[in-house]
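Chemist: What would the 3D arrangement of this be:
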Amino acid sequence: MLRRWVVLAALLLSQAAQAAGDPLLAKAVLMKSIAFRTVEGEGQVPALAAYYASILKEAGFAGAEIEITPMGETAMLAATIQGSDPRLKPLLMIGHMDVVAANAADWKRDPFAPVEEKGYIFGRGAEDNKYDVAMMVATMAGLKRAGWQPRRTVTLLLSGDEETHMATSRILAAKYKDAELLLNGDGGGGLLNEEGRPVLYQLQAGEKTYADFEIGFTDPGGHSSAPTPGNPIYRMARAIDRIAAYRFAPMRNELTKASLLLSADRIGGEVGVAMRSYAKNGDARSADLLSEYPEFIGQVRTTCVATMAQAGHALNALPQSARVSVNCRIFPGVAIETVKAELERVVADSSASMTVLDDPAGSDASPLRADVMRAVTAAISARHPGIPVIPTMSAGATDSLHFRALGVPCYGVSGLFQRGEDGFAHGLDERVPVAGIPAALGQWESIVKALAG
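Modeler: Numbering: from 1, shown residues only. Sure thing, here's the model as predicted:
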């Protein structure tokens with residue numbers, strides 16, 4: 001075992017010879033951070049923030065350069081390397097410390113006891129988002145230790161409730177909105193084929209707005225032996241059927257057109273033809289064909305889907321109420337109220353109530369800036385020469401949503417390369433490959449240095 005560790009250490013160090021970040025430190029930070037049960041309600045996010053702060057302080061960060069802000073049972077962290085030119089707006093990096101819940105009984109391994117096995121590190125949050133958080137912490141530590149001073153101030157931000165309410169995300173966005181741009185470790189990333197060879201890299205420059213609606217139906221009810229026409233369950237069922245059959249109008253933007261064009265030849269077949277046609281012409285026929293595929297429908301239109309339902313109160317009584325939750329992923333630039341009004345037309349039940357849950361925020365896509373494209377392309381080319389960098393829009397929401405809403409250009413530049421079949425974020429036996437850690441550190445350092453000066 002000792003010899004194996006020595007060989008691995010030598011390999012990691014040789015691969016990362018040009019990077020200031022220490023791959024052994026990054027791996028250790030990743031594994032230890034998984035052990036913190038940073039699920040909502042556990043109260044362990046502040047402890048994880050303190051651990052990250054200890055790593056940064058050991059690398060030379062002064063106490064005043066690190067700020068941990070408690071918020072209820074969670075917290076947020078900011079760590080800054082001061083730039084030499086105060087006229088330049090700062091460069092931000094962001095990730096999140098919290099994770100979704102995991103039922104240990106469903107896992108093959110304890111989700112909060114990190115395990116390295118067969119080239120992977122297993123544990124809840126390994127992919128989402130503690131891998132890239134560990135890479136960013138190790139990168140900042142390495143740059144500080146090396147005495148690097150950028151022209152532009154660089155600040156690492158870590159939110160504490162991205163997976164739930166995003167209250168810390170909103171606070172961070174409001175406080176740091178006067179930024180040049182933001183690099184997000186919770187978006188983008190590289191794809192490996194089944195043999196583990198790199199295929200492409202996705203630069204996330206936009207994401208769909210996340211919004212939940214609750215549609216309610218009520219009736220006086222009564223005895224089940226005397227059915228009435230106003231049965232809330234039947235009305236809810238009809239509404240669900242209408243939503244399931246409905247398609248929002250197809251839409252395009254600079255980001256999706258670029259993404260579809262760059263991906264068309266690699267996808268090939270009739271799907272590839274449809275991607276190219278829709279990117280160039282915006283024709284409904286191509287949009288409808290792409291919408292038949294779950295992996296593409298989100299790229300061409302807003303989607304809304306029923307996700308939860310509750311109804312009735314007794315087996316022998318007519319239901320007095322029924323309600324269904326509808327989750328929408330809204331195309332960038334479309335107002336939440338516009339989608340709400342459209343859903344009301346689709347449901348076509350004037351007596352139904354429709355409520356927007358929580359307080360969702362919408363944002364448009366970020367521009368495909370030349371400096372960002374150059375920096376990311378150079379970093380990826382150094383790591384895997386010849387693979388394309390493809391701008392993408394993700395269907396899920398990240399911390400970037402709130403920064404984009406305040407005018408900060410945001411780009412997902414995760415250092416994680418993995419096979420499609422190894423993506424288990426939010427799922428069972430979540431994992432990340434160990435071998436990519438040195439190159440991920442190099443990628444982060446290259447992009448940060450290029451954009452911070």
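Chemist: Name the nearest residue to Gly190, ignoring sequence neighbours.
Modeler: Phe417 (3.4 Å; C-beta to C-beta, 6 or more residues apart in numbering). C-beta here means a position set from N, CA and C on the backbone, and glycine is covered the same way.
Chemist: got a list of what the one you found touches?
Modeler: 189-192, 198, 201, 384, 433, 436, 439-440 (C-beta atoms under 8 Å, 6 or more residues apart in numbering).
Chemist: Over to Lys27?
Modeler: Lys27 touches 12, 121, 134, 434, 437, counting by C-beta under 8 Å, 6+ apart.
Chemist: can you map out the strands along the stretch 151-300 of the chain?
Modeler: Remark: strands assigned in the stretch 151-300 of the chain by DSSP state E, counting those that start in this stretch are 154-159, 181-184, 189-192, 198-207, 209-218, 222-223.
Chemist: is it possible to export the ones you listed to a markdown table including mean neighbour count and distance to Arg109?
Modeler: Below are these laid out as a markdown table (neighbours: other C-beta atoms under 10 Å; distance: least, C-beta to C-beta, whole Å):
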| stretch | mean neighbour count | distance to Arg109 |
| --- | --- | --- |
| strand 154-159 | 26 | 26 |
| strand 181-184 | 25 | 28 |
| strand 189-192 | 20 | 23 |
| strand 198-207 | 24 | 28 |
| strand 209-218 | 20 | 30 |
| strand 222-223 | 12 | 52 |
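Chemist: Mean pLDDT and distance to Leu428 for those strands - can I get that in CSV?
Modeler: Shown next, in CSV, are the strands of the stretch 151-300 of the chain (pLDDT from 0 to 100; distance: least, C-beta to C-beta, whole Å):
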stretch, mean pLDDT, distance to Leu428
strand 154-159, 98, 25
strand 181-184, 98, 25
strand 189-192, 93, 20
strand 198-207, 94, 24
strand 209-218, 96, 23
strand 222-223, 96, 44
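Chemist: This protein: helices as residue ranges?
Modeler: 2-15, 23-34, 45-58, 131-145, 167-175, 232-245, 254-267, 269-281, 284-290, 294-300, 336-347, 370-383, 400-405, 437-452 (DSSP state H).
Chemist: Ok, which of these comes nearest Gln320?
Modeler: Gln320 lies closest, by C-beta to C-beta, to one member of the helices of the chain: helix 232-245, at 7.1 Å.
Chemist: Direction-wise, compare that closest one with helix 336-347 and give the angle.
Modeler: 110 degrees (axes from the mean of the first three to the mean of the last three C-alpha atoms, to 10 degrees).
Chemist: Contacts for helix 232-245, please.
Modeler: Here helix 232-245 makes contact (C-beta under 8 Å, 6+ apart) with 215, 217-219, 304-306, 309, 311-312, 319-324, 326, 343, 346-349, 352.
Chemist: cutoff 7 Å now
Modeler: 215, 217-219, 304, 306, 309, 311-312, 319, 321-322, 324, 326, 346-349, 352 (C-beta atoms under 7 Å, 6 or more residues apart in numbering).
Chemist: now the residues you listed: which count as buried?
Modeler: Buried residues within the contacts of helix 232-245, counting neighbours by 16 or more other C-beta atoms under 10 Å: 215, 217-219, 304, 306, 311-312, 319, 321-322, 324, 326, 346-347, 349, 352.
Chemist: still on that earlier bit, can you tell which of the helices of the chain is closest to Thr74?
Modeler: Thr74 sits nearest to helix 45-58 of all the helices of the chain, at 4.3 Å, using C-beta to C-beta.
Chemist: and that closest one, what's its mean pLDDT?
Modeler: Computed over helix 45-58, the mean pLDDT rounds to 98.
Chemist: mind listing what Leu88 touches?
Modeler: Applying C-beta under 7 Å, 6+ apart, the residues near Leu88 are 151-152, 180.
Chemist: on that earlier part again, now render the helices of the chain as JSON lines, adding distance to Asp161.
Modeler: Shown next, in JSON lines, are the helices of the chain (distance: least, C-beta to C-beta, whole Å):
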{"stretch": "helix 2-15", "distance to Asp161": "33"}
{"stretch": "helix 23-34", "distance to Asp161": "16"}
{"stretch": "helix 45-58", "distance to Asp161": "8"}
{"stretch": "helix 131-145", "distance to Asp161": "14"}
{"stretch": "helix 167-175", "distance to Asp161": "5"}
{"stretch": "helix 232-245", "distance to Asp161": "29"}
{"stretch": "helix 254-267", "distance to Asp161": "27"}
{"stretch": "helix 269-281", "distance to Asp161": "36"}
{"stretch": "helix 284-290", "distance to Asp161": "34"}
{"stretch": "helix 294-300", "distance to Asp161": "24"}
{"stretch": "helix 336-347", "distance to Asp161": "20"}
{"stretch": "helix 370-383", "distance to Asp161": "27"}
{"stretch": "helix 400-405", "distance to Asp161": "12"}
{"stretch": "helix 437-452", "distance to Asp161": "24"}
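Chemist: Deepest in the core, which of those is it.
Modeler: Burial of those is given as mean neighbour count (mean count of other C-beta atoms under 10 Å); helix 131-145 ranks first at a mean of 27.
Chemist: Return it as PDB; C-alpha atoms alone will do.
Modeler: This file holds the C-alpha atoms of helix 131-145, laid out as PDB (Å, rounded to 0.1, in the frame of the first residue of the first chain):
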ATOM      1  CA  TYR A 131     -14.700  18.500  -6.400                       C
ATOM      2  CA  ASP A 132     -14.400  21.900  -7.900                       C
ATOM      3  CA  VAL A 133     -14.500  23.600  -4.500                       C
ATOM      4  CA  ALA A 134     -11.500  21.600  -3.500                       C
ATOM      5  CA  MET A 135      -9.800  22.500  -6.800                       C
ATOM      6  CA  MET A 136     -10.500  26.200  -6.200                       C
ATOM      7  CA  VAL A 137      -9.400  26.200  -2.600                       C
ATOM      8  CA  ALA A 138      -6.200  24.400  -3.500                       C
ATOM      9  CA  THR A 139      -5.600  26.800  -6.500                       C
ATOM     10  CA  MET A 140      -6.000  29.800  -4.300                       C
ATOM     11  CA  ALA A 141      -3.800  28.300  -1.600                       C
ATOM     12  CA  GLY A 142      -1.100  27.500  -4.200                       C
ATOM     13  CA  LEU A 143      -1.200  31.000  -5.800                       C
ATOM     14  CA  LYS A 144      -1.000  32.600  -2.300                       C
ATOM     15  CA  ARG A 145       1.900  30.400  -1.300                       C
END
